[in-house]
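> Turn this into a model:
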Amino acid sequence: MSGPSLDTPLLLEAPQRLVDTGGGTSIVWSALGTVWADIATKSGRETVAGLRESARVSHQITVRSAPIGSPQRPRPEQRFRLGDRLFAIRAVAPADGAGRHLTCWVEEGPFS
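Okay, the predicted model is just below:
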């Protein structure tokens with residue numbers, strides 16, 4: 001049996017909270033490295049907030065596994081980037097019994 005086709009390079013990013021001089025915080029995203037992935041679209045929906053429409057698409061992204069604690073192992077507070085496309089990681093779990101791959105459930109869309 002063949003495994004997933006890990007043919008899409010994604011940049012894994014982690015949020016960094018910065019405190020400004022006024023006591024507020026802002027988030028900047030720092031790159032942790034490139035992971036190779038298989039992306040499968042699962043669902044999509046359109047929402048309206050106020051007068052603004054927004055489309056959200058859910059995907060399953062499969063990546064090669066990395067040890068717990070490794071910067072190459074995706075976590076739910078992180079995101080993937082593919083050019084201008086952003087994928088917020090919502091959950092991560094082993095994709096197979098052998099522990100070779102991880103499945104990341106993500107949501108694509110405009111994020112602030």
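> Which residues does stretch 38-51 contact?
4-8, 53-63 (C-beta atoms under 8 Å, 6 or more residues apart in numbering). The C-beta positions use only the backbone N, C-alpha and C, and glycine is treated the same way.
> Buried residues, the helix or strand bottoming out on mean pLDDT in the chain. List them.
When each helix and strand of the chain is scored by mean pLDDT, DSSP states H and E, strand 52-64 comes last, with a mean of 85. By neighbour count on 16 or more other C-beta atoms under 10 Å, the buried set for strand 52-64 is V57, S58, H59, Q60, I61, T62, V63, R64.
> Kindly report the same for stretch 34-43.
Neighbour-count burial for stretch 34-43 [16+ other C-beta under 10 Å]: V35, A37, D38, I39.
> about what we covered before: closest to W105 out of the contacts of stretch 38-51?
When the contacts of stretch 38-51 are ranked by distance to W105 (C-beta to C-beta), Q60 comes first, at 6.1 Å.
> Now the terminal residues of stretch 18-25, how far apart.
Using C-alpha to C-alpha, to the nearest Å, the end-to-end distance of stretch 18-25 comes to 5 Å.
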